[in-house]
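Visitor: Build me a model:
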Amino acid sequence: MKRKVCKKCKLFVEGSECPVCKGNQFSTNWQGRLNILDANKSVIAGKIGINVKGEYAIKVR
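Guide: Here you go, the predicted structure:
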């Protein structure tokens, strides 16, 4: 089964609602993964505007 990604915040989602942005529009067409373990200390998370730890897609179509 393909994994769902929120189109707005690019977070990998299991249920029917994104826990970060509360959105319900998802895509299964994505490229690349990014794991953020500590959003406060991560330079990459700061540059792309991520405030919550989790697994994110780099590109979502």
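
Visitor: all strands of the chain, in order?
Guide: Along the chain, counting by DSSP state E, strands occupy 4-6, 12-13, 26-27, 30-36, 54-60.

Visitor: can you give me the offset of the lowest-mean-pLDDT helix or strand in the chain from its chain's centre?
Guide: Ranked by mean pLDDT, DSSP states H and E, the weakest helix or strand in the chain is helix 43-48, scoring a mean of 92. Distance, stretch centre to chain centre, for helix 43-48: 13 Å (C-alpha atoms, centre = their mean, to the nearest Å).

Visitor: center of this structure - which residue?
Guide: L11 (1.7 Å; C-alpha atoms, centre = their mean).

Visitor: Show me what it is bridged to.
Guide: Residues in a beta bridge with L11, per DSSP bridges, are Y56.

Visitor: So it is in contact with G23, correct?
Guide: No: using C-beta atoms under 8 Å, L11 is not in contact with G23; the gap is 9.5 Å. C-betas here are computed from N, CA, C, even on glycine.

Visitor: low-scoring stretches of this structure, by residue?
Guide: In the prediction, the chain carries no residues with pLDDT under 70.

Visitor: Out of the strands of the chain, flag the one nearest V43.
Guide: Smallest distance to V43 across the strands of the chain (C-beta to C-beta): 10.9 Å, for strand 30-36.

Visitor: and the angle for that closest one with strand 54-60?
Guide: Counting by axes from the mean of the first three to the mean of the last three C-alpha atoms, to 10 degrees, strand 30-36 lies at 150 degrees to strand 54-60.

Visitor: how close does S27 sit to K41?
Guide: 29 Å (C-beta to C-beta, to the nearest Å).

Visitor: And for E55?
Guide: 17 Å.

Visitor: Which of those two has more residues huddled nearby?
Guide: E55 (14 against 9; other C-beta atoms under 10 Å).
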